[in-house]
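Asks: predicted model and sequence follow; I will ask about them next.
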Amino acid sequence: MAIPLRIQLLFLLLILLLISLFISAATAVDGGSSAPSISPSSTPFQAITHTYPPALFATILSTLGYQELSTAAVTANLSATAPLTIFAASDASLLTCASCSVPVLLQELSIPGLYPFHFLQTLTFGTKIETLAPNRCLTLTGDGKNNSKLFVNGVQITSPDIFSNGLVVIHGLQGFVSHLSPLSCNVERMTSLSFPSPSLSSATTAPQSLFVMRLMLKDAIVRLRATGYTVVSLALRVKYADLSELKSMTIFALDDVSIFSGNGNAYLSNFRYHVVPNKRLTAAELVSLQLATPLPTMDAGNSLVVTTAGGGGLLSPMKINYVKITTIDLLHNSRIAIHGVSSPFPHMNQHQPFDLESSSAEIRRPMCDHFDWNSGTCVAEARVPPGMQSTVDFEDHHGL
């Protein structure tokens, strides 16, 4: 009696897990004289990455029945320390393009980030998504009826979500396939999700961490655009070159409704003040921050400060610079964490060391009882903590 495919996949993943544990144990024995390891819980700002060897992608594709793509997986070099989505063309579909290079075709059918079928259904008709192949984009279209049927470059997704483990998503394709055009990213620029690419010489020498950060930025830009944070998505595209140099980051985002209702200038002109560089604060790490914890930002010399610690529930939500955090873990991947805020952060100028003991009661009180976003004035009926003064800087030199 044939063993079901799902059981085969579970058995395969169990074997891979046992192998990885055996290798980890052997490494620990060989490195017994080295410095003691640090547990993940003691390094809250360290980004967790996962590396998949090409052989593992080949095994997964082979188990799913995609023998031609499985053979090409090693040559295509799909190893990644990042989430990845693969649109897998069947062996019969690959026969329709006898002159195609299957390894190159596999790169053209792979995109950075996780795109489950339900998320693809929310994207705009004709959306273009850049692939692992340089300067090549896939075009997504639907049938117009709740997008129950989706097509990638005209090829229907016939087997959605046939594999998904939180780091890799695979959709099955059936139909005629061919190589992407060099102009695939240049048509309909307004709906294209392509990004500036480094020169060939710099790309070959760029470190792996830089490549991964670029993939994660592209992932965040696409997902923000589809979830009501279009302006923040655009800001990430504008600052793409600067942000890609970071090792990780935490971004505090304002949704489109709040931006277009009058808070846009204050947020966009101080966008750097809403980015914490080289620290990826997930939900658990964010709410665990203590009162008065400073957070450095990309706005040199200006830091954020926790004014209400997390864990207070709906009656006492977490606040940074007296601004409420409305959505924790709005979006996150292996290098980026994004949280929603109710309004832009006002600047906090510290003139002397912050006295937590004398200010623990006062710091929970609202700074701005009445804030005029047009004039940039803040009226505080309650006394601000000693040694700290609130200002809102509307000058544009810190902006995008």
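Replies: Structure's in. What do you need? Numbering: from 1, shown residues only.
Asks: I'd guessed N302 sits against H347; true?
Replies: Yes. Using CB atoms under 8 Å, N302 is in contact with H347, at 6.0 Å. Bear in mind the C-beta positions are built from the backbone N, C-alpha and C, glycine included.
Asks: who touches both of the two?
Replies: Y273 (CB atoms under 8 Å, 6 or more residues apart in numbering).
Asks: just for the stretch 301-400 of the chain, where's the confidence low?
Replies: Low-confidence segments of the stretch 301-400 of the chain, defined by pLDDT under 70, are located at 313-314, 349-400.
Asks: what does the chain give?
Replies: Confidence mapping of the chain against pLDDT under 70 gives the ranges 1-3, 5-6, 9, 13, 16-54, 79-82, 187-208, 313-314, 349-400.
Asks: redo that, cut-off 50
Replies: 25-49, 188-205, 351-367, 369, 371, 373-398 (pLDDT under 50).
Asks: can you show me the helices along it?
Replies: For the chain, applying DSSP state H gives helices covering 5-30, 54-64, 67-76, 91-94, 102-108, 117-120, 200-205, 208-225, 230-238, 240-243, 256-258, 264-268, 283-287, 356-359.
Asks: can I get these in a markdown table with mean neighbour count and distance to G144?
Replies: Conversion of the helices of the chain to a markdown table gives the following (neighbours: other CB atoms under 10 Å; distance: least, CB to CB, whole Å):
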| stretch | mean neighbour count | distance to G144 |
| --- | --- | --- |
| helix 5-30 | 11 | 32 |
| helix 54-64 | 19 | 29 |
| helix 67-76 | 20 | 30 |
| helix 91-94 | 15 | 24 |
| helix 102-108 | 21 | 26 |
| helix 117-120 | 16 | 14 |
| helix 200-205 | 9 | 38 |
| helix 208-225 | 21 | 20 |
| helix 230-238 | 20 | 22 |
| helix 240-243 | 15 | 32 |
| helix 256-258 | 15 | 25 |
| helix 264-268 | 20 | 33 |
| helix 283-287 | 16 | 37 |
| helix 356-359 | 12 | 58 |
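Asks: of the ones you listed, which approaches N165 most closely?
Replies: Comparing the helices of the chain against N165 with CB to CB, the closest turns out to be helix 5-30 (7.5 Å).
Asks: could you redo the helices of the chain as a markdown table and give each row distance to H339?
Replies: Listed next are the helices of the chain as a markdown table, based on distance: least, CB to CB, whole Å:
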| stretch | distance to H339 |
| --- | --- |
| helix 5-30 | 32 |
| helix 54-64 | 32 |
| helix 67-76 | 36 |
| helix 91-94 | 42 |
| helix 102-108 | 33 |
| helix 117-120 | 20 |
| helix 200-205 | 32 |
| helix 208-225 | 12 |
| helix 230-238 | 11 |
| helix 240-243 | 16 |
| helix 256-258 | 14 |
| helix 264-268 | 14 |
| helix 283-287 | 7 |
| helix 356-359 | 23 |
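Asks: contact partners of stretch 104-112?
Replies: Applying CB under 8 Å, 6+ apart, the contact partners of stretch 104-112 are 69, 72-73, 76, 78, 80, 82-89, 94, 97, 129-133, 136, 138, 152, 173, 177, 179-180, 215-216, 218-219.
Asks: now intersect the residues you listed with the strands, please.
Replies: Applying DSSP state E to these, the entries found in strands are 84-89, 129-130, 138, 152, 173.
Asks: ends of stretch 274-293, how far apart?
Replies: Across its full length, stretch 274-293 reaches 16 Å end to end, with CA to CA, to the nearest Å as the criterion.
Asks: buried stuff in that stretch?
Replies: Applying a neighbour-count criterion of 16 or more other CB atoms under 10 Å, one finds 274-277, 279-283, 286, 289, 292 buried in stretch 274-293.
Asks: contact partners for K247?
Replies: Contacts were defined as CB under 8 Å, 6+ apart; by that measure K247 touches 47, 209, 213, 278, 335.
Asks: if we use 7 Å, what do you get?
Replies: For K247, the contact set (CB atoms under 7 Å, 6 or more residues apart in numbering) comprises 209, 278.
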